[in-house]
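# sequence and predicted structure are below.
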Amino acid sequence: MHKLLLLLLIPLWSSGQTSPNKELTKSGVFPDGVYLSFQQLKDGKPGIQPAQLQIRAEKTMSVRQWFKTDSLFYINNFGKKNPIPPDSVFAFADDGDVYIQRKGIGHKFTIVGSLCYFTESYPIKNAPLSPVTIDHAKDVIPRMMDFETGEFHAYSISSMEEFLKGHDNELYDEYMAIDNLKHKRQLLIRYIEKYNERHPLTTSTRL
């Protein structure tokens, strides 16, 4: 009897989790490549294909590895090697994962949908040979992105309230009815998921 009750409760516990580690990009929705603008990402049409990416040593590599190199190059339609500044890249996709470029670093989207979630993380290197570290209190900044407009929003109660007010009145009223601020903060991820469930991002909406 106890084993049966435990089996019945496990799905309920799982559905109540609010971890942001929910990835929605692993089905080829976003082709691998480099997206030079938000519109290219929205359309799912990279401006630079993986086969065009090169480094000085003429080696092919994954899009993520390419972006982490010191000097970015790609081969244009005329077969010429062209340099490209990192800050001219809006985003890139590699093996189904999407990375947004901010301050010259690619930050992985943890949740991709009509409302995206990601964290900006900036490693600290104190000396040339010292290990790279991250101060989570100062150097990991959670963000949201509206996939309709490409606008970035702070990951905060006030930003969520403002976003829902302009996009989904029912979810807005539901979120505003939560009195406990701590609970409201804890449910931010869940309301990103709820919004995406009600407003799914599909291939047809991007074409």
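That came through, no problem.
# show me the shaky parts of this protein.
1-28, 55-60, 123-138, 203-207 (pLDDT under 70).
# repeat that for 80
1-29, 54-61, 122-139, 202-207 (pLDDT under 80).
# can you name the residues that contact residue 146?
114, 115, 116, 152, 153, 163 (CB atoms under 8 Å, 6 or more residues apart in numbering). Using the backbone N, CA and C atoms, a C-beta is placed for each residue, glycine as well.
# what is the burial count for the spatially closest residue to residue 85 that is not a sequence neighbour?
Nearest residue to residue 85, sequence neighbours excluded (CB to CB, 6 or more residues apart in numbering): residue 72, at 7.4 Å. Residue 72 has 20 neighbouring residues, counting by other CB atoms under 10 Å.
# how about the contacts made by residue 72?
66, 83, 84, 85, 86, 89.
# quick check: phi and psi at the closest residue to the second one other than its chain neighbours.
In space, and not counting its chain neighbours, residue 83 is closest to residue 73: 5.6 Å by CB to CB, 6+ apart. As for residue 73, its main-chain torsions (degrees, to the nearest 10) stand at phi -130, psi 160.
# wait, residue 73 sits on residue 86?
No - between residue 73 and residue 86 there is no contact under CB atoms under 8 Å: 11.8 Å.
# please identify the helix or strand for residue 31.
Here residue 31, judged by DSSP states H and E, is contained in no helix and no strand.
# phi, psi for it please.
According to degrees, to the nearest 10, residue 31 has phi -60, psi 140.
# ditto for residue 120
phi -80, psi 130.
# who touches it in this structure?
If you count contacts by CB under 8 Å, 6+ apart, residue 120 has them with 102, 103, 105, 107, 140, 141, 142, 143.
# reformat those residues as a markdown table; add distance to residue 78, secondary structure and neighbour count.
Shown next, in a markdown table, are the contacts of residue 120 (distance: CB to CB, whole Å; DSSP: H, G, I helix; E, B strand; the rest coil; neighbours: other CB atoms under 10 Å):
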| residue | distance to residue 78 | secondary structure | neighbour count |
| --- | --- | --- | --- |
| 102 | 31 | strand | 17 |
| 103 | 32 | coil | 9 |
| 105 | 30 | strand | 15 |
| 107 | 32 | strand | 20 |
| 140 | 42 | strand | 13 |
| 141 | 40 | strand | 14 |
| 142 | 42 | strand | 16 |
| 143 | 38 | strand | 18 |
